[in-house]
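Engineer: based on what follows, work out the 3D shape:
(3 chains)
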Amino acid sequence: MRYWLFKSEPDVFGIDHLAAMPGGVDSWDGIRNYQARNFMRDDMRTGDRGFFYHSRCDPPGIVGSVEIVREAYPDHTALDPKSAYHDPKATADDPRWMMVDVAFRERFDEIVPLAALKAEKRLADMVVVQKGSRLSITPVTANEWKIVHAMAGVPAP
DNA sequence: GCCAACGTTGGC
DNA sequence: GCCAACGTTGGC
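Structural biologist: Now for the predicted structure:
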């Protein structure tokens, strides 16, 4: 059982978009970074939990959580020339990019802002607070999972 | 296989 | 919108 953090721009796809999907489930498509893909392909398992993080907004921060409900499978948007995520090097035989399905689980009453994460000494090693951290999917420790929930004022599931 | 040039991310 | 940090590309 592992924990993760998923970044998304709320103007493009925020936690409310996910919550509005049928069953609160959607595919996490469009990942075009090998390290992030490898986390999904190699390490994510059904039942893993993840924070939903809003980036490129004011303020950025953690707004809720999801659960992995389907393990990695090919990201078909890479094959679609009309998609913003099209990758001309992807083929049906070698799709290059993978996605998982996530289900909406929690929406915090208030965002836990990045500034608060940075100010919490116990989160000093959390990947998302590191300088220059751009990775859109990062691992989270069980302890970080608990601390952020405490900051959000809810018990960790 | 090095590394300069280029493209992208994302906080500010 | 700026720009630092980082990842990828491709010539050599």
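Engineer: shouldn't residue A:144 be in contact with residue A:3?
Structural biologist: Yes - between residue A:144 and residue A:3 there is a contact under C-beta atoms under 8 Å: 7.2 Å. Every C-beta, even on glycine, is put in place using the N, C-alpha and C of the backbone.
Engineer: any idea how far the closest residue to DNA strand B within chain A lies from residue A:9?
Structural biologist: For chain A and DNA strand B, the shortest gap (C-beta to the nearest atom of the strand) falls at residue A:60, measuring 3.5 Å. Between residue A:60 and residue A:9 the distance, using C-beta to C-beta, to the nearest Å, works out to 9 Å.
Engineer: got the CA coordinates for the strand ranked longest in chain A in CSV?
Structural biologist: The longest strand of chain A (DSSP state E) is strand A:98-113. In CSV, the C-alpha atoms belonging to strand A:98-113 read as follows (Å, rounded to 0.1, in the frame of the first residue of the first chain):
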residue,chain,number,x,y,z
MET,A,98,0.7,4.8,-19.6
MET,A,99,-2.1,6.0,-17.4
VAL,A,100,-4.0,4.7,-14.4
ASP,A,101,-7.6,5.2,-13.3
VAL,A,102,-8.3,7.2,-10.2
ALA,A,103,-11.4,7.6,-8.1
PHE,A,104,-12.4,10.7,-6.1
ARG,A,105,-12.2,10.1,-2.4
GLU,A,106,-11.9,13.3,-0.4
ARG,A,107,-12.2,17.0,-0.9
PHE,A,108,-10.8,19.0,2.0
ASP,A,109,-12.9,21.9,3.4
GLU,A,110,-9.9,24.1,2.8
ILE,A,111,-6.8,23.7,0.6
VAL,A,112,-3.6,22.9,2.4
PRO,A,113,-1.4,25.4,0.6
